[in-house]
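# pasting the structure only:
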Ligand SMILES: Cc1cc2nc3c(=O)[nH]c(=O)nc-3n(C[C@H](O)[C@H](O)[C@H](O)COP(=O)(O)O)c2cc1C
């Protein structure tokens with residue numbers, strides 16, 4: 001994913017510096033070439049040897065280091081970089097960069113870098129809210145630096161508040177968003193539904209299905225990394241939704257229906273990957289439930305058909321794709337759906353095949369449009385999401 005990309009990590013004198021060893025490892029695992037620049041003070045928190053061992057490059061601290069075996073000068077490095085991330089960024093280094101000071105290897109290289117710069121402030125709550133620090137952060141934003149908002153929680157000294165640097169996984173997502181993909185979906189608005197809906201039987205029980213939301217998450221993530229503006233309407237899902245997407249959380253099919261219709265008009269591409277429960281309880285005797293009556297029956301009624309409604313309201317230029325789960329006659333049934341729902345594409349998965357459908361990390365999908373039928377191999381849901389958008393964009 002990051003093969004051929006060069007990432008510069010700038011580490012400053014904060015206790016959060018230890019997290020960057022893991023970030024460097026994660027970036028290298030994804031194929032990128034990583035250089036670490038440290039301030040002199042950062043070396044009090046983590047030893048440069050750690051980064052040198054991980055990155056196989058000299059960890060650069062001193063602008064005037066004359067060790068020619070590893071000679072890398074700041075301008076050459078700045079030209080090579082696809083992205084720079086300063087994390088953790090101390091109040092001091094934020095202040096220096098915002099005010100044009102370049103008095104060490106890190107700040108000098110950052111000043112020479114034409115690529116995108118991402119800054120993850122990490123500091124004590126009071127330091128972070130100091131108006132001088134806030135002004136400096138604003139200044140960096142105005143100069144096009146991207147700021148990773150610190151999270152709220154327990155800080156290194158035990159205080160509660162914001163100023164805490166987010167975990168490596170999120171820092172990694174910022175880097176991936178910047179350099180992993182061409183922004184071929186920039187300007188597009190994408191609406192994705194994910195997960196399972198839940199229909200309450202009573203305050204405790206509900207009807208649902210096995211959808212994990214993984215396919216919808218993969219679609220939302222791929223679109224956002226390609227520059228789209230993504231809204232994810234999510235029912236019951238495993239795990240956290242991808243970063244950078246706007247999420248709308250719902251429970252029942254009716255809630256999902258309303259949320260989707262609210263957002264649909266703005267969307268250029270809509271993908272319904274959620275597994276909506278087809279039925280919901282219509283009448284139920286709470287008395288019988290309380291008495292543990294074995295003869296209890298629940299009368300069901302159909303939930304609203306979200307895909308059909310989207311197809312009815314489809315505006316010119318909008319692309320609608322629905323996922324369908326089939327156990328037999330996959331192509332025939334999907335073609336019927338394509339027509340009856342006025343969709344542009346059905347992404348069909350065969351529930352009888354191993355590695356396809358609910359809960360798995362892989363999928364086996366057939367893309368069906370009015371004039372095409374494309375069988376994708378078994379692949380990760382992330383790869384399948386990429387192929388789906390490639391196809392929609394006509395690539
Ligand atoms: C234990 C300890 C933890 C520190 N944590 C932070 C921090 O999280 N953020 C910060 O801005 N400064 C922190 N400091 C203060 C900085 O290290 C100090 O301002 C230093 O001059 C920053 O140098 P640098 O910006 O060149 O790396 C900490 C200092 C100590 C002793």
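Ah, there it is. As the structure is a computational prediction, the values presented were derived from the model and not from experiment.

# quick one, strands of the stretch 1-150 of the chain?
Secondary structure of the stretch 1-150 of the chain, counting by DSSP state E, counting those that start in this stretch: strands at 6-11, 33-38, 83-89, 116-121, 146-147.

# parallel or antiparallel, list what pairs with the shortest one.
In other words, strand 146-147. strand 116-121 (parallel) (DSSP bridges).

# what about the strand it pairs with, distance to the chain center?
18 Å (Cα atoms, centre = their mean, to the nearest Å).

# for residue 183, give its distance to residue 168.
According to Cβ to Cβ, to the nearest Å, residue 183 stands 24 Å off from residue 168. Bear in mind the C-beta positions are built from the backbone N, C-alpha and C, glycine included.

# tally of neighbours for residue 381?
Residues near residue 381, counting by other Cβ atoms under 10 Å, number 22.

# so what pLDDT did the residue nearest to it when sequence neighbours are not counted get?
Leaving aside its sequence neighbours, residue 381 sits nearest to residue 218 (Cβ to Cβ, 6 or more residues apart in numbering; 4.1 Å). Residue 218 carries a pLDDT value of 97.

# ok, residue 283 - contacts?
Shown in contact with residue 283 (Cβ atoms under 8 Å, 6 or more residues apart in numbering): 298, 299.

# and it, bridged to which residues?
Beta-bridge pairing of residue 283 under DSSP bridges involves residue 299.

# confidence score at it?
Model confidence at residue 283 (pLDDT) stands at 72.

# against residue 85, how distant is it?
57 Å.

# cool, residue 233 as well?
For residue 233 relative to residue 85 (Cβ to Cβ), the value is 31 Å.

# before we move on, what about residue 28?
For residue 28, the distance to residue 85 - Cβ to Cβ - is 14 Å.

# higher neighbour count, the two?
Taking neighbours as other Cβ under 10 Å, residue 28 and residue 85 compare with residue 85 leading, 26 against 16.

# ok, for the more buried one, nearest residue in space, not its chain neighbours?
Using Cβ to Cβ, 6+ apart, the nearest residue to residue 85 is residue 118, at 4.6 Å.

# what does residue 43 give?
In space, and not counting its chain neighbours, residue 43 is closest to residue 61: 6.4 Å by Cβ to Cβ, 6+ apart.

# burial of that neighbour, as a residue count?
19.

# spit out the contact partners of it.
So residue 61 contacts 37, 38, 39, 40, 42, 43, 48, 104, 105 (Cβ under 8 Å, 6+ apart).

# hmm, the fifth one is touching residue 9, no?
Meaning residue 42. No - the criterion here is Cβ atoms under 8 Å, and residue 42 misses it with residue 9 at 10.6 Å.

# against residue 196, how distant is residue 211?
Taken as Cβ to Cβ, the span from residue 211 to residue 196 is 4 Å.

# identify the contacts common to those two.
Common neighbours of residue 211 and residue 196 (Cβ under 8 Å, 6+ apart) are 235, 236, 237, 274, 275.

# on that earlier part again, next, the residue nearest to residue 43: phi, psi?
phi -120, psi -40 (degrees, to the nearest 10).

# quick one: it from residue 47, how far?
For residue 61 relative to residue 47 (Cβ to Cβ), the value is 11 Å.

# where does residue 263 land in three-state SS?
Secondary structure for residue 263, judged by DSSP: H, G, I helix; E, B strand; the rest coil, is helix.

# wait, it sits on residue 190?
No - at 10.1 Å, residue 263 and residue 190 do not qualify as touching, with contact defined as Cβ under 8 Å.

# the more surrounded of the two?
Taking other Cβ under 10 Å, residue 263 and residue 190 do not tie; residue 190 has more neighbours (25 against 18).

# where does the prediction get shaky in the chain?
Within the chain, the stretches with pLDDT under 70 are 66-73, 284-290, 355-359, 395.

# residue closest to the middle of it?
residue 242 (2.9 Å; Cα atoms, centre = their mean).
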